[in-house]
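Chemist: next input, structure requested:
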Amino acid sequence: MKPRILCAECAKEIQVGEEKCPHCGTVIDWTSAPDEVGGVEAHVEVRTCGKCGSENTGDAQYCGTCGAKLQGGGSQTPPRRQSSKAEKGKGSKKKEAEPNPLFSWKVIFAFMGILLILVVAVELFSKRDEQQPTQGDNTAAPMPASSIQLAGQISELEKQLASSPDDMQLVLKLANVSHDGRFFDKAIMYYKKYLDKNLKDANARVDLGICYFEKGDNGEAEQQMLTALKYDPKHLQAHFNLGIVCLKQRKMQEASDWFKKTIDLAPPNSDIAQQAKQFLEQHSSPLIQNK
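Modeler: From the prediction side, this is the model:
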C-alpha cells in the first residue's frame, strides 16, 4: 500500500521532492524525518472494512479482501508513521557491531588451566623417567623368569615341604624357584634355612647375596659373597658379583680389583671373563668415574 504524503497546512496530497506545496505554497524541508519535513506529515489514509475488518487505502471504494462496499470517507484509523529503511536496519546493524569477545575471562582462565595441567604432566613424566634404572646398571645375576609362571610351582613345593620339613634339597629348590620368581623375601628365608644345615655351600651363599642385592641391601650382599669365598676361594661368580656390588656402592678401586681377579680365574674366552673386561674398561673411562 503506497502512503500518501499530505501537507500539514492544507492537508492536501503532495509529491516527494516538491519544494513547495502546490496547493498552499508552504515551503517543504525534506532534510528532516519523512513525517516532520517543514510542517509536512506523512499519513496513511486507511479505511477499515466494516464487514471483515481489513484495512484499505483511503481512496478505496470496495474492500480488497471481501469486496464489501466501504462506508464513509476519510481516515478511520489514526495516521501511522512509516519507518524508513534506514531506521529498520539500524537495530540489526547495532547488533552486528557488538560481536562476542574472542578472549573473555572464561576463555583465558580455561586456557591457563589446560596449560597448567600440561606443565604438571610433563614434570611428572620427567621425574618418572629419571627414577627408571638405566640399562647401564648391572645386576649380580641374570634376570629371573616370570614370577607368575613360577607361583604355582612354589605353592606345590611348599605343600611337599609341609610333609617333609627336614628335606633340605626341597628347601634349596624352594629357595631357587623363589629367587627365579623374584620373591626375594621368601628366597632369603629358604636360603637361610638351608645354610643353617649346609654352612659351606658357597653357591647357595652367593645366591643369598644376590637376593640381598636385588632388595637394595648392598652391605649384606657383599658380606654373603665374602663368606662364600671363605669356603671356596676360587668361586668365580662370587668374584664377579663382588665387583658389581662394589661398583654399585661406588667403591671403584675395589670393584676394579674384583673384576681383575675374575679375569685371572676365568677361561680367557668365557662370557664371564668378557663381561669383567667390559666392566673394567667402563670403570677406567672418565665418563664412568664422573657418575
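Chemist: low-confidence bits of the protein, can you list those?
Modeler: Low-confidence segments of the chain (pLDDT under 70): 1-4, 29-46, 56-60, 72-107, 109, 120-147, 283-291.
Chemist: for it, what spans make up the strands?
Modeler: Residue ranges of the strands in the chain, as given by DSSP state E, are 4-7, 13-14, 40-43, 46-48, 55-57.
Chemist: gap between the spatially closest residue to Cys24 that is not a sequence neighbour and Thr26?
Modeler: Nearest non-adjacent residue to Cys24, counting by C-beta to C-beta, 6 or more residues apart in numbering: Cys10, 4.1 Å away. All C-beta atoms are positioned from the backbone trio N, CA, C, and that covers glycine. According to C-beta to C-beta, to the nearest Å, Cys10 stands 7 Å off from Thr26.
Chemist: surely Val245 is in contact with Met225?
Modeler: Yes: the criterion here is C-beta atoms under 8 Å, and Val245 meets it with Met225 at 6.6 Å.
Chemist: so what sits against both of those two?
Modeler: Gly209 (C-beta atoms under 8 Å, 6 or more residues apart in numbering).
Chemist: more neighbours, those two?
Modeler: Met225 (30 against 27; other C-beta atoms under 10 Å).
Chemist: thought that one was touching Gly243?
Modeler: No: counting by C-beta under 8 Å, Met225 sits too far from Gly243 to count as a contact (9.8 Å).
Chemist: can you get me a residue count around Tyr194?
Modeler: Counted with other C-beta under 10 Å, Tyr194 comes out at 24.
Chemist: phi and psi next, for Lys234.
Modeler: In terms of degrees, to the nearest 10, the main-chain angles of Lys234 are phi -110, psi 20.
Chemist: please name the nearest non-neighbouring residue to it.
Modeler: Nearest non-adjacent residue to Lys234, counting by C-beta to C-beta, 6+ apart: Leu265, 5.9 Å away.
Chemist: the one you found - how many residues pack around it?
Modeler: 17.
Chemist: who's in contact with it?
Modeler: 234, 236, 239.
Chemist: the last one reaches Trp258, doesn't it?
Modeler: Yes: distance between His239 and Trp258: 5.5 Å, which falls inside the contact criterion (C-beta under 8 Å).
Chemist: and the residue nearest to Cys24, what does it touch?
Modeler: Here Cys10 is in contact with 21, 23-24, 26 (C-beta under 8 Å, 6+ apart).
Chemist: and Cys21, by the same measure?
Modeler: 7, 9-10, 12, 14, 28, 40.
Chemist: give the contact list for the closest residue to Lys193 other than its chain neighbours.
Modeler: Distances taken as C-beta to C-beta, 6+ apart place Val171 nearest to Lys193, at 5.3 Å, with adjacent residues excluded. For Val171, the contact set (C-beta under 8 Å, 6+ apart) comprises 161, 190, 193-194.
Chemist: just the CA trace of stretch 263-282, in CSV.
Modeler: Extracted C-alpha coordinates of stretch 263-282, given in CSV (Å, rounded to 0.1, in the frame of the first residue of the first chain):
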residue,chain,number,x,y,z
ILE,A,263,89.6,-62.3,34.5
ASP,A,264,92.6,-64.2,36.0
LEU,A,265,90.4,-67.0,37.2
ALA,A,266,88.0,-67.4,34.3
PRO,A,267,88.8,-69.1,30.9
PRO,A,268,90.1,-66.4,28.5
ASN,A,269,87.1,-66.6,26.1
SER,A,270,84.4,-67.2,28.6
ASP,A,271,81.3,-65.0,28.9
ILE,A,272,82.1,-64.0,32.5
ALA,A,273,85.7,-63.0,31.6
GLN,A,274,84.4,-60.8,28.7
GLN,A,275,81.9,-59.2,31.0
ALA,A,276,84.5,-58.5,33.6
LYS,A,277,86.8,-56.9,30.9
GLN,A,278,83.9,-54.7,29.8
PHE,A,279,83.1,-53.5,33.3
LEU,A,280,86.8,-52.9,33.8
GLU,A,281,87.0,-50.7,30.7
GLN,A,282,83.9,-48.8,31.7
